[in-house]
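[1] Return a 3D structure for these sequence lines:
(2 chains, ligands or ions: 2)
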Amino acid sequence: MKPPTDLLAAPVLDVPADDASAVENPTVGIDQSAGDFTYDVKYEFDAGNGLSEDVIRYISSVKKEADWILEFRLKAYQTFLAKPMPTHWATKDLENIDFNKIRYYLSQGTKPKRTWDEVPDDIKRTFERLGIPEQERKFLAGVEAQFDSEAAYSNVKDIVAKQGVIFCNSTEALREHPELFRKWFGKVIPTGDNKFSALNSAVFSGGSFIYVPKGVKVAMPLQAYFRINAENFGQFERTLIIADEGAEVTYMEGCTAPKFSTSTLHSAVVELVALKGAKIQYITVQNWANNVFNLVTKRAIAMEDAEVKWIDCNIGSRLTMKYPGVILKGKRARGEVISIALANDGQHQDTGAKMIHAADDTTSVIVAKSISVGQGRSTYRGVVHIPKHLKGCKNNTECDALLINSNSRTDTYPAIVVRGDTHAVQHEASVSKVSEDMIFYMQQRGLTEAQAMSLAVNGFVNDLVRQFPMEYSVELKRLIDLEMEGSVG
Amino acid sequence: MPSLEIRDLFVALAATPDKPIVKGLNLTIRTGEVHAIMGPNGTGKSTLSKAIAGHPDYVITSGDVILDGKSILEMEPDERARAGLFLAFQYPSEIPGVSIANFLRAAVQARLAEGEELDATAYYKRLYSKMDMLKIDRKFTSRSVNEGFSGGEKKRCEILQMAMLEPTFALMDETDSGLDIDALRIVAEGVEAMRGDKLGVLLITHYQRLLDYIVPDFVHVMYDGRIVKSGDKTLALELEAKGYDWVKQELAATTA
Ligand SMILES: Nc1ncnc2c1ncn2[C@@H]1O[C@H](COP(=O)(O)OP(=O)(O)OP(=O)(O)O)[C@@H](O)[C@H]1O
Ligand SMILES: [Mg+2]
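    Ligands and ions are numbered 1, 2, ... in the order given. Down below sits the predicted model:
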């Protein structure tokens, strides 16, 4: 690693310039819609491998951050070092993360482009291949496209910007909206929440910042797309969404990475703030390659009459640990987590939800559906907390697991702590199997084994998927089809 | 003329390949023909039909099944289906969350050439007309396949699928059981409407009443894994009147 001053000028990575053929080549014979491809990219800023205070200072200086942020980062780094790995309850696979190998910061600069024409070709072609510009034209209010550490592109449509909606990345937000940002940053998820939230707080880069002013209802979704391109890279985006009183917004995120032989770390922190009467819907379709450790902390705070809904679909990754939560802080607030996890061979989806009731008459709903295929493993972990002094709280938790072949494993840990006697709590769990007879029945109608399994899985999640925006249900179905195709010999 | 030839077929459970259930069965069905198979419980009628369709529970230990001159034994169940073989199940499976419309759509799509897209409007038009023919309420299109269906509804749904997929050979395993008197007539009329020189049918049934509507060209008696007697439609009437003991006695006399 070189000192930041040098780096501002010279590229660190010595990669050959792309020739014209490289643009065409990677698409031949590969499913274009899948994320498993990579192009060589020149990085202007590279923090090298491994983590130290110097790395953190480097990141902060590249971003030209205010002192308080650097302080915040360095303190978080100490917290990260002090916190043990949560292997006493979580999987030992976490021990395979080598923090010294990871590259913590890679970018071509910190200012995203406002038009796709300005995005450098070597990055643009990745997003074009993933169909992002096309989706933006079709149905989105704004898009942020992050490539490794920073957004390469970020734009919000005029009609939305005119309503006073702010949609940018965390680097820009810290520069241009420091008051708004600082007010809520780290307040929903404190640095020390867990080892990975501390790590993110130390090295965060990119992620979205959204502010929706009072009473503004954003009609179309805002979307962020996270792309890991470099091997051994760690992506640590930081997202903060604030919906002011009575505001409404839907945010969707997608992500992909090529399949490298070494593992990659994705560790985001996402904080949502729904002020009085606001509504936030946050949709994730996670399709990381099977070597990505996906360790993400997501939590929302919902004030009086506010509603937060997490729709969390985890299809890819090697290990995902993610439990989106809602702190129901104001009266009549409502939190919902809809979780779909598909664990194929070599994957472990450890997902769930956290509902912290902190006011009277608050409601939480958790519906978790997991699918385990082959050696794949799914775990549901939930926390529902309703303290004694509250009145009239409701929780409904439903966990359904589907097993495709007998080796699959599924565990459920629903911790529901309810004190007081004016609450209504319901918990249901089921485990079902895709039987040989069911697959045979479908094959007898002409569907291949993979199509039959895919249909069984889609049927299993159908009641949830019907609630998703069209584009996302189509995307999810396509990913399930791809997974099932890969799972039969 | 297309034919389905079952040649000296031996079928056993995959778990117990040395204990055959079907024991040297011979039968040739041509398009345009309806063959009825009758026989006591447990003689291997369902085993025969499922083994032909390629169910993984069963192994064919010897013999062959020839469809249009080619053995189908090496084909996957779905390849056999797309080659024109249809099995109306005695006990159809439930597929939670998958609507009849989507399921049949996927099945129809699977029969199209690579890259060819199904015409959705035409598909629904055809689906509705077949449902009308079988007097199936339109609300069934959005119900999950067989889930929570009554016995009779399941059987009607099998015939709907058959009508939509237009097979060359249909193996119908006790499609009449569970049907009320009106449903039996509706289903039989549905099959009769499909009958013609493009379809060959193997009808497994216990009761003569179905054969009043779908008059078979041939009737076979299956006993202990084999066809022991064949005849025309009058054989069914004779069985109805006399039961199977008569066949068993005759068999004992000839083998003794
Ligand atoms: N999957 C299976 N597992 C165990 N036994 C089986 C299986 N399939 C068939 N059998 C046995 O094989 C024999 C033939 O069964 P099959 O279902 O083919 O009879 P069937 O002629 O269709 O009878 P029914 O008229 O009652 O429908 C029976 O003894 C049955 O118990
Ligand atoms: Mg039977």
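[2] Count the neighbours of B:Asp217 for me.
    Neighbourhood size, B:Asp217 [other Cβ atoms under 10 Å in any protein chain shown]: 15. For the C-beta atoms, the positions are set from N, CA and C on the backbone; glycine is no exception.
[3] what's the pLDDT at the nearest residue to it once chain neighbours are set aside?
    Leaving aside its chain neighbours, B:Asp217 sits nearest to B:Glu33 (4.8 Å; criterion: Cβ to Cβ, 6 or more residues apart in numbering or on different chains). B:Glu33 is assigned 97 on the pLDDT scale.
[4] What distance do you get for B:Glu33 to B:Lys45?
    18 Å (Cβ to Cβ, to the nearest Å).
[5] Between these two, point out the one with more neighbours.
    Taking other Cβ under 10 Å, B:Glu33 and B:Lys45 do not tie; B:Lys45 has more neighbours (25 against 20).
[6] Not counting residues beside it along the chain, what's closest to the more buried one?
    B:Ile204 (4.8 Å).
[7] Next, the one residue in the stretch 1-150 of chain B that gets nearest to ligand 2: secondary structure please.
    Relative to ligand 2, the nearest point of the stretch 1-150 of chain B is B:Ser46 (3.1 Å; Cβ to the ion). At B:Ser46 the chain is in helix, as set by DSSP: H, G, I helix; E, B strand; the rest coil.
[8] which stretches of the chain aren't confidently modelled?
    I went with chain A, as the question did not name one. Low-confidence segments of chain A (pLDDT under 70): A:1-34, A:406-407, A:489.
[9] You answered for a different chain; I wanted chain B.
    B:255-256.
[10] circling back: can you report how many residues neighbour the residue nearest to B:Lys45?
    23.
[11] returning to that earlier point: ok, the residue of the stretch 1-150 of chain B closest to ligand 2 to B:Ala88 distance?
    From B:Ser46 to B:Ala88 the distance is 11 Å (Cβ to Cβ).
[12] before we move on, what about A:Asn100?
    Counting by Cβ to Cβ, the gap from A:Asn100 to B:Ala88 is 63 Å.
[13] which stretches of chain B form strands?
    Using DSSP state E, the strands of chain B run over residues B:3-13, B:16-30, B:34-38, B:58-67, B:70-71, B:85-88, B:95-99, B:144-145, B:169-173, B:200-204, B:218-223, B:226-231.
[14] Let me have the ones you listed in JSON lines, adding distance to A:Arg175 as columns.
    Below are the strands of chain B laid out as JSON lines (distance: least, Cβ to Cβ, whole Å):
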{"stretch": "strand B:3-13", "distance to A:Arg175": "72"}
{"stretch": "strand B:16-30", "distance to A:Arg175": "74"}
{"stretch": "strand B:34-38", "distance to A:Arg175": "80"}
{"stretch": "strand B:58-67", "distance to A:Arg175": "70"}
{"stretch": "strand B:70-71", "distance to A:Arg175": "71"}
{"stretch": "strand B:85-88", "distance to A:Arg175": "67"}
{"stretch": "strand B:95-99", "distance to A:Arg175": "48"}
{"stretch": "strand B:144-145", "distance to A:Arg175": "53"}
{"stretch": "strand B:169-173", "distance to A:Arg175": "71"}
{"stretch": "strand B:200-204", "distance to A:Arg175": "76"}
{"stretch": "strand B:218-223", "distance to A:Arg175": "83"}
{"stretch": "strand B:226-231", "distance to A:Arg175": "85"}
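[15] who in chain B is up against ligand 1?
    B:13, B:21, B:39, B:41-47, B:57, B:90 (Cβ under 6 Å from any ligand atom).
[16] repeat that with 8 Å
    Contacts of chain B with ligand 1, taken as Cβ under 8 Å from any ligand atom, map to B:13, B:15, B:21-22, B:39-50, B:57-58, B:90, B:173-174, B:204, B:206, B:222.
[17] Repeat that for the stretch 51-200 of chain A.
    Counting by Cβ under 8 Å from any ligand atom, the stretch 51-200 of chain A has no residue next to ligand 1.
[18] Could you pull out the strands in the stretch 51-200 of chain A for me?
    A:106-107, A:142-147, A:150-156, A:166-169 (DSSP state E, counting those that start in this stretch).
[19] Quick check on the residue positioned nearest the centre of chain A: phi, psi?
    Nearest residue to the geometric centre of chain A (Cα atoms, centre = their mean): A:Thr284, 5.8 Å. Main-chain torsions, A:Thr284, degrees, to the nearest 10: phi -120, psi 130.
[20] Am I right that A:Asp400 sits in a strand?
    Yes. Under three-state DSSP, A:Asp400 sits within a strand.
[21] What residues does it make contact with?
    Applying Cβ atoms under 8 Å, 6 or more residues apart in numbering or on different chains to A:Asp400 gives the contacts A:368-370, A:429-432, A:460.
[22] taking those residues one by one, which sit in helices?
    A:Phe460 (DSSP state H).
[23] so which of the contacts of A:Asp400 would you say is closest to chain B?
    A:Phe460 (5.6 Å; Cβ to the nearest Cβ).
[24] Run a quick neighbour tally on that closest one.
    26.
[25] and if you look at A:Glu71?
    12.
[26] Can you tell me how far it is from A:Gln78?
    In terms of Cβ to Cβ, A:Glu71 sits 11 Å off from A:Gln78.
[27] Ignoring the adjacent residues along the chain, who's closest to residue 142?
    Defaulting to chain A. A:Gly142 sits nearest to A:Val156 (Cβ to Cβ, 6+ apart), 3.3 Å away.
[28] Let me rephrase: I mean chain B.
    B:Ser99 (5.0 Å).
[29] these two touch, right, the one you found and B:Lys139?
    No. With contacts counted by Cβ atoms under 8 Å, B:Ser99 stays clear of B:Lys139, the gap being 10.7 Å.
[30] So for these two, which sits in the more crowded spot?
    B:Ser99 (18 against 7).
[31] how near is the more buried one to ligand 1?
    29 Å (Cβ to the nearest ligand atom, to the nearest Å).
[32] hey, what's that residue bridged with?
    B:Ser144 (DSSP bridges).
[33] tell me the contacts of it?
    B:141-145.
[34] Comparing the strands of the stretch 51-200 of chain A, which comes out most buried?
    When the strands of the stretch 51-200 of chain A are scored by mean count of other Cβ atoms under 10 Å in any protein chain shown, the highest mean neighbour count falls to strand A:142-147 (a mean of 27).
[35] then that one to PDB, C-alphas only?
    These are the backbone C-alpha positions of strand A:142-147, laid out as PDB (Å, rounded to 0.1, in the frame of the first residue of the first chain):
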ATOM      1  CA  GLY A 142     -33.500   6.100  -9.500                       C
ATOM      2  CA  VAL A 143     -30.400   3.800  -9.600                       C
ATOM      3  CA  GLU A 144     -27.200   3.600  -7.800                       C
ATOM      4  CA  ALA A 145     -24.700   1.100  -9.200                       C
ATOM      5  CA  GLN A 146     -21.800   0.200  -6.900                       C
ATOM      6  CA  PHE A 147     -18.700  -1.400  -8.400                       C
END
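[36] so can I have CSV of the contacts of B:Ser99 showing neighbour count and distance to ligand 2?
    Output for those, formatted as CSV (neighbours: other Cβ atoms under 10 Å in any protein chain shown; distance: Cβ to the ion, whole Å):
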residue, neighbour count, distance to ligand 2
B:Thr141, 17, 29
B:Ser142, 10, 31
B:Arg143, 17, 26
B:Ser144, 18, 25
B:Val145, 28, 21
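[37] which among those gets closest to B:Leu27?
    Using Cβ to Cβ, B:Val145 comes nearest to B:Leu27 of the contacts of B:Ser99, at 30.2 Å.
[38] Identify the spatial nearest neighbour of that closest one, chain neighbours not counted.
    That would be B:Ile95: by Cβ to Cβ, 6+ apart, it lies 4.1 Å from B:Val145.
[39] Am I right that the one you found is in contact with A:Gly459?
    Yes. Counting by Cβ under 8 Å, A:Gly459 is a contact partner of B:Ile95 at 5.8 Å.
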